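Asks: missing the sequence, but the structure's below:
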Ligand SMILES: [Zn+2]
């Protein structure tokens, strides 16, 4: 894959799972065409570590506010104040990860989660930053929230997209790209494959969500993590599903990634 170049548009490389060997992981991936990544975070506990890591490795940093736990006990005001301060202190190139997960709907956490998401969208808009949104199981809730901002300049990616073709069309009409990861390598994920195959050109980007969402090839090791190099398998699967060459798939996803996250270009030099 000499001439290919690809970005990881959503990852968590600052998580403890990469403490020992992130430099090696990036080095391995760069040899295969990895051009950069958006290192996402979920709270003020991560901003400094992720910001410094991104800077040291020539990657891009996103400041987020999100809690994936089953029953998040969050203080939206405190998290939003920290996010706002991080946008000034670390100059992130995006706001993410932010959003709502389906498991938070109709629970006592829902109103706090919604408040946090709305506040984070407001901060992104105020600073004119693109967003990386988690909407798994909550596409039907997130879509109207974004629709109400349709006249705004808000842009971003619906990360780990697993919605329907109608939802895909709605989000892309609103100016969002759709993020796909290792699910494309799973032959059992037929609906996602069908949706991905039918997407308009330029509307999708690639991601790992590393260390989460380990690829299908690692399915026999339950504790396996995903890592930057796994993008090569996702890229191959994406090309096969769309019936295009790997080079074309890489180019298409790269262009879309840079369109939605222009900061990626500035922070990621091609390895010489
Ligand atoms: Zn994530």
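Replies: Alright, I've got the coordinates. Not measured: the values here are computed from a predicted model.

Asks: please make it C-alpha for all contacts and neighbour counts, starting now.
Replies: Will do.

Asks: what sits against the residue nearest to the spatial centre of the chain?
Replies: For the chain, the residue sitting closest to the mean C-alpha position, by Cα atoms, centre = their mean, is residue 10 at 2.8 Å. By Cα atoms under 8 Å, 6 or more residues apart in numbering, the contact set of residue 10 is 37, 38, 39, 40, 132, 159, 207, 208, 209, 210.

Asks: the helices in the chain, which residues?
Replies: Under the criterion DSSP state H, the chain contains helices at 22-31, 47-57, 76-90, 110-126, 139-147, 165-173, 190-198, 231-242, 246-260, 263-267.

Asks: angle of the second one against helix 22-31?
Replies: For the pair helix 47-57 and helix 22-31, the angle between their directions (axes from the mean of the first three to the mean of the last three Cα atoms, to 10 degrees) equals 50 degrees.

Asks: tell me what helix 47-57 is packed against?
Replies: Judged by 3 or more Cα pairs under 8 Å, 6 or more residues apart in numbering; DSSP states H and E, the packing partners of helix 47-57 are strand 60-63.

Asks: which two in the contacts of residue 10 are spaced the farthest apart?
Replies: Greatest spatial distance in these: 132 and 210, 14.5 Å, computed using Cα to Cα.

Asks: neighbour count: the two, which is higher?
Replies: When neighbours are counted by other Cα atoms under 10 Å, residue 132 comes out ahead of the other of residue 132 and residue 210, with 30 against 25.

Asks: got any ranges where this protein has weak pLDDT?
Replies: Along the chain, the model assigns pLDDT under 70 to residues 1-3, 265-272.

Asks: for stretch 186-197, which positions count as buried?
Replies: Of the residues in stretch 186-197, those with enough neighbours to count as buried (16 or more other Cα atoms under 10 Å) are 186, 192, 193, 195, 196, 197.

Asks: want to try TSV for the helices of the chain, with distance to residue 15 as columns?
Replies: As requested, the helices of the chain are arranged in TSV below (distance: least, Cα to Cα, whole Å):
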stretch	distance to residue 15
helix 22-31	10
helix 47-57	8
helix 76-90	18
helix 110-126	22
helix 139-147	26
helix 165-173	29
helix 190-198	27
helix 231-242	18
helix 246-260	23
helix 263-267	20
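
Asks: residue 14: which of those helices is closest?
Replies: Nearest to residue 14 among the helices of the chain is helix 47-57; the distance by Cα to Cα comes to 5.1 Å.

Asks: tell me the angle the closest one makes with helix 76-90.
Replies: Helix 47-57 and helix 76-90 meet at an angle of 30 degrees, taking the same axes, to 10 degrees as the criterion.

Asks: right, I'll leave it there.
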